[in-house]
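K.L.:
Kindly return the folded structure for what I paste below:
(one chain, ligands or ions: 1)
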Amino acid sequence: MQQQLVQLVAAATQEASGVSTRAEMEAFKARVVGPNGSLTQVMKGLATLSKEDRPVVGKLINEAKKAVEELLATLQVKIEESEIAGALGAPLDSTLPSPDAPAGSLHPLSRTREKILSTLRKLGFTVAEGPEVETEWHCFDALNTPADHPARDMQDTLYLPKSFRSADAPRKGEEAILLRTHTSSVQVRTMLSRKPPFRIVAPGRCFRRDAVDATHSANFHQVEGLWIDRNVTLADLRGVLDFFVKETFGPEAEIRLRPSFFPFTEPSFEMDLRSPNLGRLSNRWLEIMGCGLVDPKVLELCGLDPNEWSGLAFGLGLERIAMLVHGIDDIRLFYNNDTRFLRQFA
Ligand code: DAH
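P.N.:
Got it, this is the predicted structure:
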């Protein structure tokens, strides 16, 4: 019987080397371990053996069974590989990237930001950044915004607890720390750290204690522009904004500057936009940004001599622009991460 088992395994090994398809493998498996398979037959013979011989032969049978199982496992791998290679028309290279990984795309806010930045780059603006967690001084005082200004109210601005106050704040530890309410703080940081002339554009996230609805979010994005040079005028401001609007909304878009007030610009304006290709908002004046000439007081607070330097500044809401460009009517859609919404901008 031992002889028989050795022969059986040798024959099976020989036979396995000729198996190359799944059907052949199944037939081979049936011939050896199927109900009438050669190994099955030997196992049935076990019952006819004497009590003493049974454990010895049983052990041999188990060894033969293991050898056959190994043969089958090896065949399985070989056949699967050849099937995949056949389907791909080439040998399998498991280091290649998956062919069907879904391609991602930029978020509509990122797209809008990139478009705005590339427009302003054409006018010589470079990107500047500042922190989202800001000191009260950079966010308000240096921008000529007095302590009793409503924006500084706890109701409108998110202040951080005292334990967050940093040692590098101008008034060493006493300075209130807040989440910036606008990107205008980057104006201050840039004026303090760079030598004019310069033109910068600062995109970034801002925070306000707003109740969330279709047009408000406590967390939103702005893009700030600042141009400091000698003799910057309102004509420069108009030129920059007109170019920006035509690049963003098309050559037929027009702008209008409406007198307004901001503590950090003098004069200050709201810039309105009118365009014939904005769907149901076509041909209506729409308010889209605040702007003006940098208040000499701000230049002074930021260490620049107002007799030598002048500047223009503007700030706009990124969500507002993206909503107008794409006809989106609810700001919350930007933050839900619903791929049915996001995919439309891919
Ligand atoms: N920081 C202002 C806000 O958040 C917007 C703004 C107005 C920015 C006028 C400016 C500006 O740079 O000149 O409402």
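
K.L.:
Do you have the strands of the stretch 101-250 of the chain handy? List them.
P.N.:
Listed from the start of the chain, the stretch 101-250 of the chain has strands (DSSP state E, counting those that start in this stretch) covering 126-127, 133-135, 177-179, 198-207, 219-229.

K.L.:
so the longest one versus strand 198-207, what angle?
P.N.:
Relative orientation of strand 219-229 and strand 198-207, computed by axes from the mean of the first three to the mean of the last three Cα atoms, to 10 degrees: 160 degrees.

K.L.:
Take the strands of the stretch 101-250 of the chain and lay them out in CSV including mean neighbour count.
P.N.:
(C-beta placed from N, C-alpha, C; glycine too.) Below are those laid out as CSV (neighbours: other Cβ atoms under 10 Å):
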stretch, mean neighbour count
strand 126-127, 12
strand 133-135, 21
strand 177-179, 21
strand 198-207, 20
strand 219-229, 22
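
K.L.:
Return the set of buried residues in stretch 228-238.
P.N.:
Judged by neighbour count using 16 or more other Cβ atoms under 10 Å, the buried positions of stretch 228-238 are 228, 232, 236-238.

K.L.:
Out of those residues, which comes closest to L123?
P.N.:
For the buried residues of stretch 228-238, the minimum distance to L123 (Cβ to Cβ) is 9.9 Å, reached by D236.

K.L.:
That closest one: what's its closest spatial neighbour, skipping adjacent residues?
P.N.:
Spatially, and ignoring its direct neighbours in sequence, D236 is nearest to L312 (5.7 Å; Cβ to Cβ, 6 or more residues apart in numbering).

K.L.:
The ligand versus that neighbour, what's the distance?
P.N.:
When Cβ to the nearest ligand atom, to the nearest Å is applied, the distance between L312 and the ligand equals 8 Å.

K.L.:
Contacts only, for that residue.
P.N.:
225-227, 232, 234, 236-237, 240, 291-294 (Cβ atoms under 8 Å, 6 or more residues apart in numbering).

K.L.:
Enumerate the residues of the stretch 101-250 of the chain near the ligand.
P.N.:
Selection of the stretch 101-250 of the chain residues close to the ligand by Cβ under 6 Å from any ligand atom yields 182, 184, 224.

K.L.:
quick one, phi psi at the spatially closest residue to G279 that is not a sequence neighbour?
P.N.:
Residue nearest to G279 in three dimensions, not counting chain neighbours: G327, with 5.1 Å by Cβ to Cβ, 6+ apart. The main-chain torsion angles of G327 are listed as degrees, to the nearest 10 and equal phi 70, psi 40.

K.L.:
Just the pLDDT at G327, thanks.
P.N.:
For G327, the pLDDT comes out at 93.

K.L.:
Same check on D236?
P.N.:
Per-residue pLDDT puts D236 at 98.

K.L.:
now do F28
P.N.:
The confidence metric pLDDT takes the value 91 at F28.

K.L.:
Then the one 10 residues further on?
P.N.:
We note a pLDDT of 89 for S38 in this prediction.

K.L.:
Okay, it and the ligand: tell me how far apart.
P.N.:
Taking Cβ to the nearest ligand atom as the criterion, S38 is separated from the ligand by 85 Å.

K.L.:
Just list the residues touching that residue, thanks.
P.N.:
For S38, the contact set (Cβ under 8 Å, 6+ apart) comprises 8, 11-12, 31-32.

K.L.:
quick revisit: turn the strands of the stretch 101-250 of the chain into TSV, columns for mean pLDDT.
P.N.:
Shown next, in TSV, are the strands of the stretch 101-250 of the chain (pLDDT from 0 to 100):
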stretch	mean pLDDT
strand 126-127	98
strand 133-135	94
strand 177-179	94
strand 198-207	98
strand 219-229	98
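
K.L.:
Make CSV out of the ones you listed and add distance to R22.
P.N.:
Conversion of the strands of the stretch 101-250 of the chain to CSV gives the following (distance: least, Cβ to Cβ, whole Å):
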stretch, distance to R22
strand 126-127, 59
strand 133-135, 62
strand 177-179, 63
strand 198-207, 57
strand 219-229, 57
